[in-house]
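Engineer: predicted coordinates and the sequence they were generated for:
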Amino acid sequence: MTAEFLSRIQFGFVMSFHILFPAFTIGLASWLVFLEALWLRKRSDMLRDLYFFWMKVFAGSFGLGVVSGIVMSFQFGTNWAGLSTVAGNVLGPLLSYEVMTAFFLEASFLGVMLFGWNRVGHRTHFLATCMVALGTLVSSFWILAANSWMQTPQGYTLVDGVIEASDWWAAIFNPSFPTRLVHMVLACFLSTALVIGGVSAVYLLAGRWQDKARLMLRCALAFVAIVIPLQIIAGDLSGLVVREYQPAKLAAIEARWTTAHNVPLTLFAWPDESAERNVAAVDVPHLGSLILTHSWSGEVKGLKDFPRADRPPVAAPFFGFRVMVGLGLLMLALAAVGLWLWWRGRVYASRWYLHCWVAMMPAGFVALLTGWYTAEIGRQPWVVYGVLRTADASSAVTAGAVAGSLVTYSVAYAILFGFGSWYLLKVLRDGPGSAPQRFPRDMTPQRPLAGLGIGKEENPS
Amino acid sequence: MTLATALPIVWFFIIGFAIMMYVLLDGFVLGIGILAPFADDERQQELMMNTAAPIWDGNETWLVMGGAGLMAAFPKAYALILPALYVPVLALLIALIFRGVAFEFRFRAERSRRIWGLAFCVGSVVAAFAQGVILGAIVEGTPLKAGQAVHRTFDWYGPFPMLTGVALVFGYGLLGATWLVLKTEGRAQSVARSLARPLMLAVIAFMGLVSASLPFLDSRLMTRWFSWPNMLYLSPLPIATLVVAALLWRSVMTSRDARPFVLALVFFALGFLGLVAGMWPNLVPPSLSIWDAASPPSSQGFVLVGAAIMLPVVLLYTAYSYRVFRGKVRAGEGYH
């Protein structure tokens, strides 16, 4: 195995691990802003308890996101020096802006948010929460700008084989950026909403924390019902951009081999790359053209139009996309059924429906990962689309070194994931108990406030 | 002076500043981990960690700033240094991961508490050592020697990086000790206070060893320091370092709590400046200059606009968050 191949596996692995945490914390930060704003207005203990409960979940996820994110910022150098040399002039500045406008903001106000409850006023504390949430969103702005630029590069010139920026506005607001940013942020929100709803469903089924769980489930259901249609629209718009700028990726996603009008939608097939055809395809006539081009007989390019060396792998984007869309449709169904039950006043009593929420808890994250696999594998063999091939982007390090680092990361991340999910389960099992009141400084109790002692006062009914 | 000449100079200082901020700020947090084994018991260790819990994350962000800034302003240096130092960088990242999650995990853990106390300590020692190795290898000029062909994995290994590695462990330990003098009281403070002088002795000894071995390196770090009239112009730096060292030596045993920490920071900053002065104008000694490695003005200028606006703002709210958590940290005082 070559160092380049191992580096690809390593990047895919550390990135997949990392993205789960920012995705979750982007959603959670905004949820915390919502809860604290509501608490500032109504001052009900229930809202403050919920805020503290989700803040504990947030703290752990954020920590894991930070430490796995630092790894990412050095991968471009250690393993992808070719990419840094050719595209560093564009990617470096975008990542620098992310650090300056987002990372510092999140990290500094996180301290006030987690530890400042007894040290700053309520409004200042709320401001800190807002700054953390703002930081997560600004961060997604820059990172999506950088990734979208690699998908649809604009605003640059090539000087001696090195990319130089010529128009930053065009580079940042590149063609795929607006739709992909919206698609990703909504995906983060949806993933988080499904977890919040799933957790409340678990409590409702177990007969614990009834009032809090009902409130959370209402919020999650309303949110998913509003956002999932928007997300489907954002995904559709994203698809139109792919068709225009990355036709080979679209062909791989649809496992379309020959260019044609009136193409069907292939629901399922086994794409055979060497024979350039699909086995056991289940097609719906015309639907492909309708969805992909928004016209009954629109043209969709086939993979045979591209030299083999310029084609992406087919199976991963094809199946990845179908898993993502399938889960999206399940979310739509979950919301639709939920609204109907809500209208009939049976939403909390329908145990089968609550079980659906529990089952859907990881759905957002699975959709998010498979969506990214579709986007990233589908743009192969390019790392900067049409400019730099992945094969030319790697560092001049030995395969042995990369194999060693890959094993190290795998072991380290397995340990983190194991302990991290165990501690998360503990927090969830303890449930949203009573959060601390504000103490004047000299009245600080002897033991830590959170985590250990709380949650015992309110009787789980 | 054209933009293409001036911007790399500006960026050399911005990145130098970011790395110095990292060394000073995360230095004392890593120092806490390095000194953790000297705590009397679990509770004292927890108290030591709590002094840094609200701010470690922001401190560590300066490292990301240094990395991203280097990629933006000097992509060639970024692409050269990191692959050549693949193993020490990996060690640093893994160590920082375990050090970082230990803050959160140790608090959640019950039976596995000791594991995360250990992870905090070992992570801090390894991260400090790896940073010293990286520093030593860069000063030695390893990345350029390793060249463009496939890097051999252990090219960076040698006595000098090992020396700087150990030196930095003691140096961060000193920063940590003075920080704990500032932020704790009672038994925890007296433990920290009693560690400060032995650590200073070790740091001064290692500084001497590092300085003594500089002339034997291939990189031209020493020619600047020992050529006339440079020696004259640069002489205030070592003199100031010695004065600060003497002041620090005296102050750690007085009842002043803040002064040792401030002096330790100045001491470290002066040492860092001495190193930077020796490297100038090379980013990767002996011969990749800041102008060779620079990204074009379109990139350096674009990020400079952001840095000029954002870095002062960042410093402002960083200062605010330190102000919120000012004063002594008491036993059992609050996690969220």
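Structural biologist: Cool, the structure landed.
Engineer: I'd guessed A:Gly111 sits against B:Ala52; true?
Structural biologist: No: distance between A:Gly111 and B:Ala52: 9.9 Å, which falls outside the contact criterion (C-beta atoms under 8 Å). (Glycine included, C-beta is placed from N, CA and C.)
Engineer: those two - which one has more neighbours?
Structural biologist: For A:Gly111 against B:Ala52, the residue with the higher neighbour count under other C-beta atoms under 10 Å in any protein chain shown is B:Ala52, and the figures read 26 against 23.
Engineer: can you tell me the SS state at that one?
Structural biologist: The three-state assignment at B:Ala52 reads coil, by DSSP: H, G, I helix; E, B strand; the rest coil.
Engineer: which residues touch it?
Structural biologist: Residues touching B:Ala52, when contacts are defined by C-beta atoms under 8 Å, 6 or more residues apart in numbering or on different chains, comprise B:28-29, B:32, B:59, B:103, B:179.
Engineer: same check on A:Leu35?
Structural biologist: Taking C-beta under 8 Å, 6+ apart as the definition, contacts of A:Leu35 comprise A:47, A:50-51, A:54.
Engineer: of the residues you listed, which is the nearest to A:Gln210?
Structural biologist: Distances from A:Gln210 to the contacts of A:Leu35, taken as C-beta to C-beta, are shortest for A:Leu50 (13.3 Å).
Engineer: relative to A:Glu106, how far out is the closest one?
Structural biologist: Distance check for A:Leu50 against A:Glu106: by C-beta to C-beta, to the nearest Å, it reads 22 Å.
Engineer: cool, A:Phe115 as well?
Structural biologist: 15 Å.
Engineer: low-confidence bits of the stretch 51-200 of chain B, can you list those?
Structural biologist: Residue ranges of the stretch 51-200 of chain B with pLDDT under 70: B:146-151.
Engineer: helices of that one, residue ranges please.
Structural biologist: B:56-73, B:75-84, B:86-108, B:113-140, B:142-146, B:159-183, B:186-213 (DSSP state H, counting those that start in this stretch).
Engineer: can you list the domains in chain A?
Structural biologist: Partitioning chain A according to automatic domain parsing yields domains covering residues A:1-174+A:398-447, A:177-248+A:307-391.
Engineer: I'd like those domains as TSV, with mean pLDDT appended.
Structural biologist: Below are those laid out as TSV (pLDDT from 0 to 100):
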stretch	mean pLDDT
domain A:1-174+A:398-447	90
domain A:177-248+A:307-391	94
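Engineer: include distance to B:Pro238 when you put those into a markdown table, please.
Structural biologist: Conversion of the domains of chain A to a markdown table gives the following (distance: least, C-beta to C-beta, whole Å):
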| stretch | distance to B:Pro238 |
| --- | --- |
| domain A:1-174+A:398-447 | 33 |
| domain A:177-248+A:307-391 | 47 |
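Engineer: right, and these - which one's nearest B:Phe216?
Structural biologist: Evaluated with C-beta to C-beta, the domains of chain A place domain A:1-174+A:398-447 nearest to B:Phe216, the distance being 28.1 Å.
Engineer: mind checking the longest helix of the chain?
Structural biologist: I'll assume chain A. Using DSSP state H to define each element, chain A has its longest helix at helix A:3-42.
Engineer: my bad, chain B
Structural biologist: Longest helix in chain B, counting residues (DSSP H): helix B:3-35.
Engineer: now that helix and helix B:113-140, what's the angle there?
Structural biologist: Here helix B:3-35 points in a direction 140 degrees away from that of helix B:113-140 (axes from the mean of the first three to the mean of the last three C-alpha atoms, to 10 degrees).
Engineer: which helices and strands does helix B:3-35 pack with?
Structural biologist: Judged by 3 or more C-beta pairs under 8 Å, 6 or more residues apart in numbering or on different chains; DSSP states H and E, the packing partners of helix B:3-35 are helix B:42-50, helix B:56-73, helix B:113-140, helix B:159-183, helix B:259-279, helix B:290-293, helix B:297-324.
Engineer: what packs against the second one?
Structural biologist: Yep, that's helix B:56-73 we're talking about. In terms of contact count using 3+ C-beta pairs under 8 Å, 6+ apart, helix B:56-73 is assigned the packing partners helix A:45-78, helix A:81-98, helix A:104-115, helix B:3-35, helix B:75-84, helix B:86-108, helix B:297-324.
Engineer: pull the CA atoms of it into PDB?
Structural biologist: Extracted in PDB, the C-alpha atoms of helix B:56-73 (Å, rounded to 0.1, in the frame of the first residue of the first chain):
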ATOM      1  CA  TRP B  56      -7.000  26.000  28.500                       C
ATOM      2  CA  ASP B  57      -9.100  25.800  25.300                       C
ATOM      3  CA  GLY B  58      -8.400  29.400  24.300                       C
ATOM      4  CA  ASN B  59      -4.700  29.000  25.100                       C
ATOM      5  CA  GLU B  60      -4.500  26.000  22.800                       C
ATOM      6  CA  THR B  61      -6.100  27.800  20.000                       C
ATOM      7  CA  TRP B  62      -2.900  29.900  19.600                       C
ATOM      8  CA  LEU B  63      -1.300  26.700  18.300                       C
ATOM      9  CA  VAL B  64      -4.000  26.300  15.600                       C
ATOM     10  CA  MET B  65      -3.500  30.000  14.800                       C
ATOM     11  CA  GLY B  66       0.300  29.400  14.400                       C
ATOM     12  CA  GLY B  67      -0.400  26.300  12.100                       C
ATOM     13  CA  ALA B  68      -3.100  28.000  10.000                       C
ATOM     14  CA  GLY B  69      -1.100  31.200   9.800                       C
ATOM     15  CA  LEU B  70       2.000  29.400   8.700                       C
ATOM     16  CA  MET B  71       0.000  27.600   5.900                       C
ATOM     17  CA  ALA B  72      -1.500  30.900   4.800                       C
ATOM     18  CA  ALA B  73       1.600  33.100   4.900                       C
END
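Engineer: thinking again about what came up before, write the PyMOL selection for whichever of the contacts of A:Leu35 are buried.
Structural biologist: The command below creates a PyMOL selection of those among the contacts of A:Leu35 that count as buried (16 or more other C-beta atoms under 10 Å in any protein chain shown):
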select buried, chain A and resi 47+50+51+54
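Engineer: any chance of CSV for the contacts of A:Leu35, columns distance to chain B?
Structural biologist: Putting these into CSV (distance: C-beta to the nearest C-beta, whole Å) gives the following:
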residue, distance to chain B
A:Leu47, 16
A:Leu50, 14
A:Tyr51, 10
A:Trp54, 11
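Engineer: which one of the contacts of A:Leu35 sits closest to A:Arg214?
Structural biologist: Using C-beta to C-beta, these come closest to A:Arg214 at A:Leu50, 11.6 Å.
Engineer: quick check: the closest one touching A:Gly433?
Structural biologist: No: with contact defined as C-beta under 8 Å, A:Leu50 does not reach A:Gly433; the gap is 10.5 Å.
Engineer: mutual contacts of those two, please.
Structural biologist: Taking C-beta under 8 Å, 6+ apart as the contact criterion, A:Leu50 and A:Gly433 have no common neighbours.
Engineer: so what secondary structure elements neighbour the one helix or strand A:Ser139 maps to?
Structural biologist: Assigned by DSSP states H and E, A:Ser139 belongs to helix A:122-151. Using 3+ C-beta pairs under 8 Å, 6+ apart as the contact criterion, the secondary-structure elements in contact with helix A:122-151 are helix A:3-42, helix A:81-98, helix A:104-115, helix A:168-172, helix A:177-206.
Engineer: could you redo the last one with a cut-off of 6 Å?
Structural biologist: Helices and strands touching helix A:122-151, as assessed by 3 or more C-beta pairs under 6 Å, 6 or more residues apart in numbering or on different chains; DSSP states H and E, comprise helix A:3-42, helix A:81-98, helix A:104-115, helix A:177-206.
Engineer: grab the nearest non-local neighbour of B:Ile32.
Structural biologist: With sequence-adjacent residues excluded and distances taken as C-beta to C-beta, 6 or more residues apart in numbering or on different chains, B:Ile32 is closest to B:Gly176, at 4.6 Å.
Engineer: cool, and A:Met72?
Structural biologist: Taking C-beta to C-beta, 6+ apart, and ignoring the residues beside it in sequence, A:Met72 has A:His18 as its nearest neighbour in space, at 5.7 Å.
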